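*Asks:* Okay, predicted coordinates and the sequence, questions at the end:
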Amino acid sequence: MTTQLSNMPILYSLQHCPYAMRARIAIFKSKQPVLIRAIKLNNKPPEMLALSTKGTVPMLVSQVDGIDTEVVEESLDIMLKVLKDNDPNHLLSSQGNEPLAEVITIINDFEKHFFVAVEAYKCAKRYQETNIIERRQACEVYLQKLEVRLSQHAFLSSEHEGLLDIALMPFVRQFSKVERQWYQQSPYPKLRAWLNQYLQSPMFTKVMAKHELWVDGRRDIIFGDVKK
């Protein structure tokens, strides 16, 4: 391993996991490259499990000369860490009148309630449960809040993209995929436009690129947008 690679952080990631997705978005936005190690949940690398009893993704491992120095296991913590190190798009300060601490509280609230509601909604569709409308309506309580925000400005906190946008987008995307036809006709035009600008962006294409599983070849793959 070259000196450059031996000092580059390692990201253990799962392609379609929304938590891993938002960590990759933040890393991409920070213009700080990492070595990405794509995994499968049923075949986790022993190197990853040796660093974490949780064994969940995403996981960011800092290293110096090939020696692991810090492990960050929560996606929001990863986002905050990389953006505090380098934030060329000012994502941590583009919150309008909302302090960053308040934005983090909103994100945590969505994690606790909306993300759980989306999982229940997905299960209702998958298993053809009779309560799918009720499950969808539980999610809509939060979609309505986002639609109101987007009726006031171009992004969730202000006229500029911020942490709240990239932290919530992967989960709104999950919701949109459950009942596609209903979603396209839903009373959330601002939210649909906001989500579409992400889904159609070159950034999203790069963030969602499929990588060779690390356990197959143990090859170093550099991920990130390092253009200045």
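*Replies:* Happy to help now that I have it. Numbers count the residues shown, from 1 in each chain.
*Asks:* Tell me how many other residues surround the nearest residue to Cys123 once chain neighbours are set aside.
*Replies:* Excluding the flanking residues, the one nearest Cys123 by CB to CB, 6 or more residues apart in numbering is Glu129, at 7.2 Å. For the C-beta atoms, the positions are set from N, CA and C on the backbone; glycine is no exception. Counted with other CB atoms under 10 Å, residues neighbouring Glu129 total 13.
*Asks:* so where does Glu129 fall, helix or strand?
*Replies:* Here Glu129 sits in a region with no helix or strand, counting by DSSP states H and E.
*Asks:* Against Ala120, how distant is it?
*Replies:* 9 Å (CB to CB, to the nearest Å).
*Asks:* can you tell me how far the residue nearest to Cys123 sits from Phe115?
*Replies:* Glu129 is 19 Å from Phe115, by CB to CB.
*Asks:* Over to Glu134?
*Replies:* 17 Å.
*Asks:* out of those two, which sits in the more crowded spot?
*Replies:* A count of neighbours by other CB under 10 Å puts Phe115 above the other of Glu134 and Phe115, at 18 against 12.
*Asks:* ok, then the element right after the strand or helix carrying that one?
*Replies:* In this structure, Phe115 is located in helix 114-126 according to DSSP H and E. Per DSSP H and E, the first helix or strand lying C-terminal to helix 114-126 is helix 132-152.
*Asks:* Name the spans of the protein whose pLDDT lies under the cut-off.
*Replies:* Within the chain, the stretches with pLDDT under 70 are 1-3, 227-228.
*Asks:* Now do the helices in it.
*Replies:* Ranges of helices in the chain, per DSSP state H, are 3-6, 18-30, 46-51, 75-85, 100-112, 114-126, 132-152, 163-178, 180-184, 189-199, 202-207, 214-217.
*Asks:* Out of those helices, the one nearest Gly224 is which?
*Replies:* helix 18-30 (5.6 Å; CB to CB).
*Asks:* so what does the closest one touch, helix or strand wise?
*Replies:* Helix 18-30 sits against strand 10-13, helix 75-85, helix 163-178, helix 202-207, strand 222-223, with contacts defined as 3 or more CB pairs under 8 Å, 6 or more residues apart in numbering; DSSP states H and E.
*Asks:* what's the most buried one of the ones you listed?
*Replies:* The highest mean neighbour count among the helices and strands packed on helix 18-30, using mean count of other CB atoms under 10 Å, belongs to strand 10-13: a mean of 25.
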